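Asker: just to be clear, the model below is a prediction. Sequence and coordinates:
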Amino acid sequence: MTIDSEQTAPLTPNLQTAHLTHIDLLSDEDLLLLLTKAQDYADRLQRGQEIDRLLTGRTQINLFFENSTRTNSSFELAGRKLGADVLVLPVAASSVHKGEALRDTVQTMVAMGPDIIIIRNKAEDSCEQILSALNDVALSTVLVNAGTGRNSHPTQALLDAFTILQSLGRNPQEGLDGVRIAITGDIRHSRVANSNAQLLPRLGAEVRFIAPKELMPADDQFPDIEHYSTLSEGLADCHFVMGLRVQFERLEEDFPFSHEEYYQKFGLTHDAMTLARPDAHFMHPGPMNRGVEVDGTLADDQSISLVLQQVANGVATRMAILDALLNR
Ligand code: CP
């Protein structure tokens, strides 16, 4: 489904979904509402305008069972800027390491009365497990997926889409018609790629995958997305090039390339970017492995790289998400 970029109906004033668990569970109206709010918060932050403390008296708990630099800290900052009381559970020092099950940890934290829980966990069905646990104790805590398994990282996809719109000077209603976006690297194991492949085409973009077959998803997972095995073919005429880390910790089989060989074939460099459009931008959700999937000088080249804008937009986008979910 592609969002109708000619749509003129007013945005619904409230988010329809009660939780933000996966991109494909968000309606078109919800997507537009979240992206429009993200744009508003990004503008306010950039101008140094006062932020209404809309979440005063509300409690947010960040429950990250996997490592995170960007997502955890930007959700914490987003909640604090909106006035929420934010608890970041120090999972490494928690009873999780005494064998406590996910549902028990979640029910324990929920018994303390948070309005919203932000979850990162390795199981693909983490959100479904948690919603079931919440249902069992009849509690209506709001749930946000901050990265689960290999399948879902919806808030990253939203901030990526917003960054692309912002870079083009388009508002969310205008969408991404005519925009070609290459996603290259370890697509098979990437929840970022999965959520972006669900979201960006709905905004009108053409998405392409570029990877060796070992890192490509199954052919039938995204039947409308073209697969390319070389940068020279896949990058042609692309406006945005999104690099992804090779997730060596998730590889099921021996990887047939050394880091050097992979960099030779798939490393994103200034030279590789000349294969795309002359005005193409580089993106990366982080963490980056310099010298494996990207050259450090490209990542640091502020005229091409949007990496730090993605990070900054992570705060604004997560403010939009918290505001929209807690003020329905
Ligand atoms: N993009 C992303 O999810 O980064 P972190 O793992 O640092 O949160």
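Answerer: Nice, I can see it. Residues are numbered from 1 along each chain as shown.
Asker: is residue 241 part of a helix or strand, or is it coil?
Answerer: Using DSSP: H, G, I helix; E, B strand; the rest coil, the structure places residue 241 in strand.
Asker: and for it, the neighbour number?
Answerer: Taking other C-beta atoms under 10 Å as the criterion, the count of residues near residue 241 is 29. Yep, even glycine has a C-beta here, placed from its N, CA and C like the rest.
Asker: just checking, it touches residue 280?
Answerer: Yes - contact criterion C-beta atoms under 8 Å: residue 241 and residue 280 qualify, at 5.9 Å.
Asker: what's the overlap in contacts for those two?
Answerer: 235, 273 (C-beta atoms under 8 Å, 6 or more residues apart in numbering).
Asker: residue 61 pairs with what?
Answerer: With DSSP bridges applied, residue 61 shows beta-bridge pairing to residue 87, residue 117.
Asker: that one against residue 89, yeah?
Answerer: Yes - under the contact definition of C-beta under 8 Å, residue 61 touches residue 89, with a separation of 6.3 Å.
Asker: okay, the two: which has more neighbours?
Answerer: residue 61 (22 against 17).
Asker: please report the distance of the more buried one from the ligand.
Answerer: Computed as C-beta to the nearest ligand atom, to the nearest Å, the residue 61 to the ligand distance reads 17 Å.
Asker: then residue 69?
Answerer: Taken as C-beta to the nearest ligand atom, the span from residue 69 to the ligand is 4 Å.
Asker: that residue contacts residue 287, correct?
Answerer: Yes - if you go by C-beta under 8 Å, residue 69 and residue 287 touch, sitting 6.8 Å apart.
Asker: touching both of residue 61 and residue 89, which residues are there?
Answerer: Counting by C-beta under 8 Å, 6+ apart, the contacts common to residue 61 and residue 89 are residue 109.
Asker: near the ligand, which residues of the chain are found?
Answerer: Residues of the chain lying near the ligand by C-beta under 6 Å from any ligand atom: 68, 69, 70, 71, 147, 156, 285, 286, 287.
Asker: give me the buried subset of these.
Answerer: The neighbour-count criterion (16 or more other C-beta atoms under 10 Å) marks 68, 70, 71, 147, 156, 285, 286 among these as buried.
Asker: now the fifth one: how far from residue 142?
Answerer: With the distance defined as C-beta to C-beta, to the nearest Å, residue 156 ends up 19 Å from residue 142.
Asker: what do you get for the third one?
Answerer: When C-beta to C-beta is applied, the distance between residue 71 and residue 142 equals 17 Å.
Asker: same check, this time on the last one
Answerer: Counting by C-beta to C-beta, the gap between residue 286 and residue 142 amounts to 26 Å.
Asker: quick one, strands of the stretch 1-150 of the chain?
Answerer: With strands called from DSSP state E, counting those that start in this stretch, the stretch 1-150 of the chain shows them at 59-64, 85-88, 116-121, 142-148.
Asker: what is the burial count for residue 257?
Answerer: Other residues within reach of residue 257, judged by other C-beta under 10 Å, total 16.
Asker: before we move on, what about residue 171?
Answerer: Using other C-beta under 10 Å, residue 171 has 13 neighbouring residues.
Asker: show the contacting residues for the closest residue to residue 115 other than its chain neighbours.
Answerer: Spatial nearest neighbour of residue 115, chain neighbours left out: residue 58 (4.4 Å); criterion: C-beta to C-beta, 6 or more residues apart in numbering. Neighbouring residues of residue 58 by C-beta under 8 Å, 6+ apart: 83, 84, 85, 115, 116, 326.
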